[in-house]
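dropping the sequence and predicted coords here.
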There are 2 protein chains.
Amino acid sequence: MQLFYAPDILQNKFVLNEEESKHCIQVLRHRQDDEINLTDGKGGLYTARITDANVRKCMYTIVDAQPNYHKPAYQLLIAVAPTKNVARFEWFLEKATEIGATDIVPLITQRTERQNLRTDRLEKILVSAMKQCITAYLPTLHPATTFKQLMGNTQLLQQYPMRYLPHLNDDAQNPSRHLKNAYTPGNNAMLLIGPEGDFTPDEVKTALDKQFIPITLGKSRLRTETAAIVCCHAIRFMNEQ
Amino acid sequence: MQLFYAPDILQNKFVLNEEESKHCIQVLRHRQDDEINLTDGKGGLYTARITDANVRKCMYTIVDAQPNYHKPAYQLLIAVAPTKNVARFEWFLEKATEIGATDIVPLITQRTERQNLRTDRLEKILVSAMKQCITAYLPTLHPATTFKQLMGNTQLLQQYPMRYLPHLNDDAQNPSRHLKNAYTPGNNAMLLIGPEGDFTPDEVKTALDKQFIPITLGKSRLRTETAAIVCCHAIRFMNEQ
């Protein structure tokens, strides 16, 4: 199935944007009266019929609508320190979309090496991944947020009662639990993934004060983007039947 | 910890190859009598002392040796159809090493789009990932193997009593089980990941005849390299305490 992204459906505007129109009409050669599949990125999956095969403004009418298509059983917010090599962060965005993160926060910690990101480019990666894996939920890409801002956002923290901090814990007296023993399926989860140099002791203390649970992801050391994907998949895996 | 790859230790040759020597002496500026960490890629983690800081042939003596360092509780063979975009397959190799596959087979199926791979380049990616995540086990990269060859390799199949075939199963009467309900921790596992166009019906039938269990990885459609990593992590996750 080929999926087109049509967020304007939510404003009852039944027209594809220029990029999607071009792909639909010029590349895939769809014609008037062809049926196509659309998503609003908010859970809606639609069947539409093309009424005007305009290469810049393809018009359509809705034939069928499925709300909450494959609605995830949980909200997963993953806050990740952008990697020095931006390709690794972009790769993470694609995989997190396929695997099912609902909210992504570029996290600026004391040791984060990259602070500037091209949001437009990152949004395109998310949309492309959503269409590729035929899901109707586009993850929300939050603006780059400092560790301090996130810890101060009480409203956001309250949306995620289960909050986890994977980090290198050298305290042999108090070893961290594995994520699999700390998360209960069906609950919203927030996870913080630090930069290559890990979180600072101050950041760890602040997070623990905010009821983040220190966890381990296993013995082997994982790159930042790998740890992020491992967390996304662990939550998905535990929620599957 | 910085790790150097020294497979020749197994032949009692206490010298780094040219690439590792250059990295150790020229880049990291190690000198005679410095202590360094080595792995043979077979589970051995060594502490060594440099006896000759030669930029091409760095000589050393073993100070300490730990066999079976973080030995995995299982063997995981993952056979994956190489992707058209080789960067995606190379990314899979890096992540599979971090997450803990022990054997990787480039699988040539009827619909596999890429058949030629640069083994030397792929080996370098595995070694680099092993060093990066400080593991002492280098996955074995098998030569590209046709689906038919794999199915005919009875000796190899017997090493993996738990064999799985994730594929698009349209048979509503016999839905596939999820991997989490089909695998028992502690057992060696073999998984086959097909190309974008999936396995052919003939290939599916052949695999089922060879006692591969048809499984699903969840509702959303995953790219080839994503499905492969999801499988590697699912097996790792189920084996963790």
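Cool, the structure landed.

the residue sitting furthest away from the middle of chain A: what secondary structure?
Residue farthest from the centre of chain A, counting by Cα atoms, centre = their mean, is residue A:173 at 35.1 Å. Here residue A:173 is recorded as coil under DSSP: H, G, I helix; E, B strand; the rest coil.

for chain A, which segments count as helices?
Assignment of helices within chain A using DSSP state H yields the ranges A:18-21, A:86-99, A:119-132, A:147-152, A:154-159, A:201-209, A:224-239.

okay, now the domains of chain A?
A:3-66, A:76-240 (automatic domain parsing).

turn those domains into CSV, columns for mean pLDDT.
Formatted as CSV, those follow (pLDDT from 0 to 100):
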stretch, mean pLDDT
domain A:3-66, 96
domain A:76-240, 95
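
is chain B contacted by stretch A:168-175?
No. Using Cβ under 8 Å from any Cβ of the partner chain, stretch A:168-175 stays clear of chain B, coming no nearer than 11.1 Å. All C-beta atoms are positioned from the backbone trio N, CA, C, and that covers glycine.

any idea how far residue A:115 is from residue A:107?
As judged by Cβ to Cβ, to the nearest Å, residue A:107 and residue A:115 stand 11 Å apart.

return the most buried member of the domains of chain A.
Most buried of these, by mean neighbour count (mean count of other Cβ atoms under 10 Å in any protein chain shown): domain A:76-240, with a mean of 18.

ends of that one, how far apart?
From its first residue to its last, domain A:76-240 covers 14 Å (Cα to Cα, to the nearest Å).

what touches both of residue A:107 and residue A:115?
Both residue A:107 and residue A:115 are in contact with A:82, A:144, where contact means Cβ atoms under 8 Å, 6 or more residues apart in numbering or on different chains.

now the domains of chain A as a markdown table including distance to residue B:130?
Shown next, in a markdown table, are those (distance: least, Cβ to Cβ, whole Å):
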| stretch | distance to residue B:130 |
| --- | --- |
| domain A:3-66 | 38 |
| domain A:76-240 | 10 |
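
closest to residue B:36 out of those domains?
domain A:76-240 (17.8 Å; Cβ to Cβ).

what's the separation between the residue farthest from the centre of chain A and residue B:24?
Computed as Cβ to Cβ, the residue A:173 to residue B:24 distance reads 36 Å.

residues from chain A in reach of chain B?
Proximity of chain A to chain B is confined to A:70, A:91, A:95, A:98-100, A:132-135, A:178, A:180, A:218-223, A:226, A:229-230, A:233-234, A:236-237, A:240-241 under the rule Cβ under 8 Å from any Cβ.

apply 6 Å and report the result again.
A:70, A:95, A:98, A:133-135, A:178, A:218-222, A:226, A:230, A:233-234, A:237, A:240 (Cβ under 6 Å from any Cβ of the partner chain).

the helices of chain A: which one's closest to residue B:197?
Using Cβ to Cβ, the nearest of the helices of chain A to residue B:197 is helix A:119-132, at 14.3 Å.

what's that closest one packed up against?
Counting contacts by 3 or more Cβ pairs under 6 Å, 6 or more residues apart in numbering or on different chains; DSSP states H and E, helix A:119-132 is packed against helix A:86-99.

show me what residue A:48 is bridged to.
Counting by DSSP bridges, residue A:48 forms beta bridges with residue A:36, residue A:62.

my read: residue A:6 touches residue A:37, true?
No. Counting by Cβ atoms under 6 Å, residue A:6 sits too far from residue A:37 to count as a contact (9.9 Å).

just list the residues touching residue A:58, thanks.
For residue A:58, the contact set (Cβ atoms under 6 Å, 6 or more residues apart in numbering or on different chains) comprises A:16, A:21, A:24, A:25.

can you rerun that using 7 Å?
Counting by Cβ atoms under 7 Å, 6 or more residues apart in numbering or on different chains, residue A:58 touches A:15, A:16, A:21, A:24, A:25, A:50, A:52.

isn't the fifth one up against residue A:50?
No. Using Cβ atoms under 7 Å, residue A:25 makes no contact with residue A:50, being 8.1 Å away.

what about the contacts of residue A:58, which are in strands?
Among these, the members falling in strands (DSSP state E) are A:50, A:52.

closest to chain B among the contacts of residue A:58?
Nearest to chain B among the contacts of residue A:58 is residue A:24, at 20.0 Å by Cβ to the nearest Cβ.

that closest one reaches residue A:16, doesn't it?
Yes. Under the criterion of Cβ under 7 Å, residue A:24 is in contact with residue A:16, at a separation of 6.1 Å.

now the common contact residues for these two.
Residues touching both residue A:24 and residue A:16 (Cβ under 7 Å, 6+ apart) are A:4, A:58.

quickly note the distance from the residue farthest from the centre of chain A to chain B.
Separation of residue A:173 from chain B (Cβ to the nearest Cβ, to the nearest Å): 18 Å.

how about residue A:34: what's its closest non-neighbour residue?
Distances taken as Cβ to Cβ, 6 or more residues apart in numbering or on different chains put residue A:50 closest to residue A:34, at 5.0 Å, once the chain neighbours are dropped.

cool, residue A:142 as well?
In space, not counting the residues next to it along the chain, residue A:142 is nearest to residue A:105; the distance is 4.4 Å by Cβ to Cβ, 6+ apart.

got the contact list for that neighbour?
Taking Cβ under 7 Å, 6+ apart, one finds A:77, A:79, A:142, A:145, A:150 in contact with residue A:105.

enumerate every residue touching the first one.
Same thing as residue A:77. By Cβ under 7 Å, 6+ apart, the contact set of residue A:77 is A:102, A:103, A:105, A:160, A:190.

what's opposite the spatially closest residue to it that is not a sequence neighbour in the beta bridge?
Residue nearest to residue A:77 in three dimensions, not counting chain neighbours: residue A:103, with 3.9 Å by Cβ to Cβ, 6+ apart. As for beta bridges, residue A:103 partners with residue A:77, residue A:140 under DSSP bridges.
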